[in-house]
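1. please work out how this folds:
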Amino acid sequence: MIWGFRFHKMKERIFVDKTEIVAGVTFGNSATRMSWKADELQEITIMKIEEKKLFKKQMVEMISIRKKSQPMGTPIKYEKSDEKYWEGYKKQLEEFCKKNRINFKDFTKGPMPGAPGAAPQG
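-> Next up is the predicted model:
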């Protein structure tokens, strides 16, 4: 299981520059900015996770940003919440990772390794 920050029912924005990612998050009337420089990052992963919503389970897409300083630590979670720019974020992050030689994994296009229906490894 991946633990991290969850941002629910708020405006979310991700800005991708040549060497930095900035996420702007608004909680009601207050805003917070988080940023990561390319040389700090180890991996960016986009995946689907199952989450409980009231009385049912639902698949949710999530961006996980892992820093080099926390290889076994807590990744930062950024979840899709009816975000109309979501596909653009994924494309920009993939390009950012290629340019800056950062590991990028997008498991929304197919099953994650070890998941039911995934091809056996090895």
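2. identify each buried residue in stretch 35-49, please.
-> Buried residues in stretch 35-49, counted by 16 or more other CB atoms under 10 Å: Trp36, Ala38, Glu40, Leu41, Glu43, Ile44, Thr45, Ile46, Met47, Ile49. C-beta here means a position set from N, CA and C on the backbone, and glycine is covered the same way.
3. return the helix or strand in the chain with minimum mean pLDDT.
-> Within the chain, no helix or strand scores below strand 76-79, which has a mean of 68 by mean pLDDT, DSSP states H and E.
4. show the average pLDDT along the helix or strand following that one.
-> Downstream of strand 76-79, the first helix or strand assigned by DSSP states H and E is helix 86-100. For helix 86-100, mean pLDDT is 93.
5. now the element after helix 86-100, going C-ward?
-> strand 103-106.
6. pull out the buried residues from that following strand.
-> Phe104, Asp106.
7. also stretch 64-71?
-> Here stretch 64-71 shows Ser64, Ile65, Arg66, Lys67 as buried, counting by 16+ other CB under 10 Å.
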